[in-house]
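Colleague: here's a sequence, model it:
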Amino acid sequence: MATTTHDTETDVQDRAILVSLVTDKIKRTGIDPELSLQELVQLAETAGVEVLDVLRQNKETPDSKWFIGKGKVEELRMAADGFGANTAIFDQELSGAQVRNLEEALDLKIIDRTQLILDIFAGRAKTREGIIQVELAQLSYLLPRLSGHGKNLSRLGGGIGTRGPGESKLETDRRHIRDRITELKRQLDEVVKTRELHRERRRKSGAVQVALVGYTNAGKSTLLKQLTDADVYIENQLFATLDPTSRVLQLPGGKEVVLTDTVGFIQNLPHDLVASFRATLEEVNEANLVLHVVDSSSPMREEQMDVVQSILQDLGAAGKPQIVLFNKTDLCQPEQLEMLPAGEGFLKISAFNEDDLLRITEMITGQLAGDTLIFRIPGDRGDLSSLLYRVGEVLEQNYEENDVLYNVRLNKEDYDKWSYKLAEFVEPQ
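Modeller: Sure, this is the predicted structure:
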């Protein structure tokens, strides 16, 4: 990514008024405007913005010139003057022309929800893949809006909406950006091929894969750390994890699985971001089991669960075996706990409770369990013995002359995968 050019505005903190327009179209989509606005506050705070006030407007359709109505623009200008704001953040996407018109009318930096999320991702990306994905999403967002971001681009280096591509005056003719997008896509294709090689290696090794998914800030990374002692970044903020982290998890019977943390989901995740991060998100498709981590203390718990299921559907992973982990029960009131679903496939847990962690591993074991088979393995075939321990749960082993008899619990999928090596050693029952 280009180096940020600092200017006189670099050290000025963004002091923002948030703006939400609720249209008839938004009402029809079922998106909860209040949930979205609450998230916008969290997103702004995650980006280091001081939130001063919130303005809401209900309108049949957006104003083509200013997005919000002319009277609301004046109300926003007066509020900005009164609070000393230097930024306005809109909860919906704006066109380039709307940004330009609002900047001229208000003399404020204008940011929309997508740009804010992209900015947070730009600050979080650490791996080569993450950095490429974010820059590609930013440029894809910026290209159709070039004509509208006059002031924003002159303020590069000065707070939110300014990280990432183009800090050296953006070098922003469309041809340059298109060339850069083509180059980033080429680089991303290489990374995707490498990721696919890693997946193939894991498939061939017989590694069972379990994916952690959930709404952003549900506690997935904390759970990964507690279950596997992983050295991962933990922070109580949105999108603390961008790059998928995989660690080995040992189950009670000794079987090992690969546990992968994924980027958190959010309502209205920008399309360009989903497209750029698709290779990362598709780790979920490789999983034998999905652990859906839910912040059970959130008042928007059910809506957040719906968003996660919707994104899993889009990724083609909705039919995967799934365990729902209602996390953060230590933050819940008793009446909140009573409202949580119970039964098969559901667990109420705290990532900081040792007993709960054991219950999770036991439920994973149960979900992955299959038939019990007896294998007669020659004593000199240590490769097959270690394979049984890797892909199944060895319940018992006995020695008979030069052979070892293994009593193994093995699910059908794993047996089918390895039957070409193991079938001849199965004892009739």
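Colleague: tell me how far I374 lies from E282.
Modeller: Counting by C-beta to C-beta, to the nearest Å, the gap between I374 and E282 amounts to 37 Å. In this view, the C-beta of every residue, glycine as well, is placed from N, C-alpha and C.
Colleague: with K204 instead?
Modeller: Following C-beta to C-beta, the distance that separates K204 from E282 is 18 Å.
Colleague: compare the two (neighbour count), which wins?
Modeller: Each of K204 and E282 had its neighbours counted (other C-beta atoms under 10 Å), and the higher figure belongs to E282 (17 against 9).
Colleague: which stretches in the stretch 201-350 of the chain count as strands?
Modeller: In the stretch 201-350 of the chain, the strands defined using DSSP state E, counting those that start in this stretch lie at 208-214, 245-250, 256-261, 289-295, 322-327, 346-348.
Colleague: mind listing what the first one pairs with, with the direction of each?
Modeller: Take DSSP bridges as the rule and strand 208-214 pairs in its sheet with strand 256-261 (parallel), strand 289-295 (parallel).
Colleague: again with the second one
Modeller: Sheet partners assigned to strand 245-250 using DSSP bridges are listed as strand 256-261 (antiparallel).
Colleague: from the chain's centroid, how far away is the strand it pairs with?
Modeller: Using C-alpha atoms, centre = their mean, to the nearest Å, the distance from the centre of strand 256-261 to the centre of the chain it belongs to is 16 Å.
Colleague: who's in contact with it?
Modeller: Applying C-beta atoms under 8 Å, 6 or more residues apart in numbering, the external contacts of strand 256-261 come out as 202, 207-212, 220-221, 224, 227-228, 232, 241, 244-251, 283, 287-288, 364, 368, 390.
Colleague: same check on stretch 305-316?
Modeller: 213-215, 265-267, 269, 274, 278, 281-282, 284-285, 290, 292, 294, 318, 320, 324.
Colleague: out of those residues, which are buried?
Modeller: When the contacts of stretch 305-316 are checked for burial by 16 or more other C-beta atoms under 10 Å, the buried set is 213-215, 265-267, 269, 281-282, 284, 290, 292, 294, 320, 324.
Colleague: ranges for the helices of the stretch 251-400 of the chain?
Modeller: Using DSSP state H, counting those that start in this stretch, the helices found in the stretch 251-400 of the chain span residues 271-276, 278-281, 301-315, 334-339, 354-368, 382-391.
Colleague: a markdown table for those, including mean pLDDT and distance to K126?
Modeller: Supplementary listing: the helices of the stretch 251-400 of the chain in a markdown table, determined by pLDDT from 0 to 100; distance: least, C-beta to C-beta, whole Å:
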| stretch | mean pLDDT | distance to K126 |
| --- | --- | --- |
| helix 271-276 | 73 | 16 |
| helix 278-281 | 70 | 13 |
| helix 301-315 | 88 | 23 |
| helix 334-339 | 89 | 35 |
| helix 354-368 | 91 | 27 |
| helix 382-391 | 89 | 31 |
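Colleague: minimum distance to H176: which of those has it?
Modeller: When these are ranked by distance to H176, counting by C-beta to C-beta, first place goes to helix 271-276 at 18.2 Å.
Colleague: need the contact partners of the closest one.
Modeller: When contacts are taken as C-beta under 8 Å, 6+ apart, the neighbours of helix 271-276 outside the stretch itself are 114, 117-118, 121, 133-134, 136-138, 140-141, 188, 281, 311, 314.
Colleague: go through the strand or helix carrying V134 and flag the buried ones.
Modeller: Element membership for V134 (DSSP states H and E) is helix 128-142. Residues of helix 128-142 classed as buried: 129-142 (neighbour count, 16+ other C-beta under 10 Å).
Colleague: of all those, which two lie farthest apart?
Modeller: Across the buried residues of helix 128-142, no pair lies farther apart than E129 and L142, at 20.4 Å, counting by C-beta to C-beta.
Colleague: now do the contacts for the closest residue in space to E400 that isn't next to it in sequence.
Modeller: Across the structure, with C-beta to C-beta, 6 or more residues apart in numbering as the measure, the residue nearest E400 apart from its sequence neighbours is R376 (7.7 Å). For R376, the contact set (C-beta under 8 Å, 6+ apart) comprises E400, D403, V404, L405, F425, E427.
Colleague: quick one, which of those are buried?
Modeller: Buried, going by 16+ other C-beta under 10 Å: D403, V404, F425, out of those.
Colleague: count the residues that sit near the spatially closest residue to the second one that is not a sequence neighbour.
Modeller: Just to be clear, that refers to V404. Counting by C-beta to C-beta, 6+ apart, I377 is the residue found nearest to V404 once chain neighbours are left out, at 5.1 Å. Residues contacting I377 under the criterion other C-beta under 10 Å number 19.
Colleague: read off the pLDDT value for I377.
Modeller: pLDDT, I377: 94.
Colleague: run through the residues that contact it.
Modeller: For I377, the contacting residues are L384, S385, L388, D403, V404, L405, Y406, F425, by C-beta under 8 Å, 6+ apart.
Colleague: ok, these vs I181, which is closest?
Modeller: Lowest distance from I181 to those (C-beta to C-beta) belongs to L388, with 48.9 Å.
Colleague: please consider this matter closed, and thank you.
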